[in-house]
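> this one's structure only:
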């Protein structure tokens, strides 16, 4: 009976050691730590209070500035490399479908626009956005906005300060 208890104790200890030891502990991959069965869940729970700082630290330390977070039933890819972002959002967008679950979760926040659509709907919205955000259109918009701000806000403020002899804080 005691022998059975000792064997059971060591078996539980061995299984817990396997479960709680990161599977990528021996390889220096600089990504998120992954545990068998639990994936990245223990690391996520330990860092949930500083999620953005934690993910930024991990991505910054990875040579490709891209890391994969495995959790039970999910996989998340995070990247900060401009070439990867362009590849995902523009060059090969069709390879990275978001799916109906993602769309439904973010529908209230993003609507059904370009950031929350897939397939043909995305292609139509991409063409429209590409025309709208062309270099010439964007430059014209910025120039008009700056000219309007200068003529309607900055110049009247400077004129009034000049006439009254008042010192103004341009930082505001």
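Everything's here; your move. Bear in mind the structure is a predicted one, so any value in this text is a computation, not a measurement.

> what residue is smack in the middle of this structure?
Geometric centre of the chain, nearest residue: residue 78, 6.0 Å, by Cα atoms, centre = their mean.

> That one - that's part of a strand, no?
Yes: counting by DSSP: H, G, I helix; E, B strand; the rest coil, one finds residue 78 located in a strand.

> Residue 129 and residue 123, how far apart?
As for residue 129, its distance to residue 123 is 11 Å (criterion: Cβ to Cβ, to the nearest Å). (Glycine included, C-beta is placed from N, CA and C.)

> now swap in residue 65 and tell me
Distance from residue 65 to residue 123, by Cβ to Cβ: 28 Å.

> Also residue 111?
In this structure, residue 111 and residue 123 are 17 Å apart, going by Cβ to Cβ.

> helix or strand right after the helix or strand of the chain with the lowest mean pLDDT?
The helix or strand with the lowest mean pLDDT-type score in the chain, counting by mean pLDDT, DSSP states H and E, is helix 2-20 (a mean of 61). Counting by DSSP states H and E, the next helix or strand C-terminal to helix 2-20 is helix 41-47.

> same for the next helix-or-strand element following that next one, what does it pack against?
Next along the chain after helix 41-47, taking DSSP H and E as the criterion, comes helix 51-61. Packed against helix 51-61, as judged by 3 or more Cβ pairs under 8 Å, 6 or more residues apart in numbering; DSSP states H and E, are the following elements: helix 41-47, strand 66-71, strand 74-79.

> just to revisit the earlier point, how about the contacts made by the residue nearest to the centre of the chain?
Counting by Cβ atoms under 8 Å, 6 or more residues apart in numbering, residue 78 makes contact with 55, 58-59, 66-69.

> Run through the bridge partners of it.
Legend: beta-bridge partners of residue 78 under DSSP bridges are residue 67.

> so residue 159 sits in a strand?
No: counting by three-state DSSP, residue 159 is not part of a strand but helix.

> Tell me how far the residue lying closest to residue 103 once chain neighbours are set aside lies from residue 39.
Nearest residue to residue 103 in three dimensions, chain neighbours excluded: residue 116, at 5.3 Å (Cβ to Cβ, 6 or more residues apart in numbering). Relative to residue 39, residue 116 is positioned 26 Å away (criterion: Cβ to Cβ).

> if I pick residue 122, what's in contact with it?
With Cβ under 8 Å, 6+ apart, residue 122 has these contacts: 93, 114.

> tally of neighbours for residue 157?
By other Cβ atoms under 10 Å, the residues close to residue 157 number 13.
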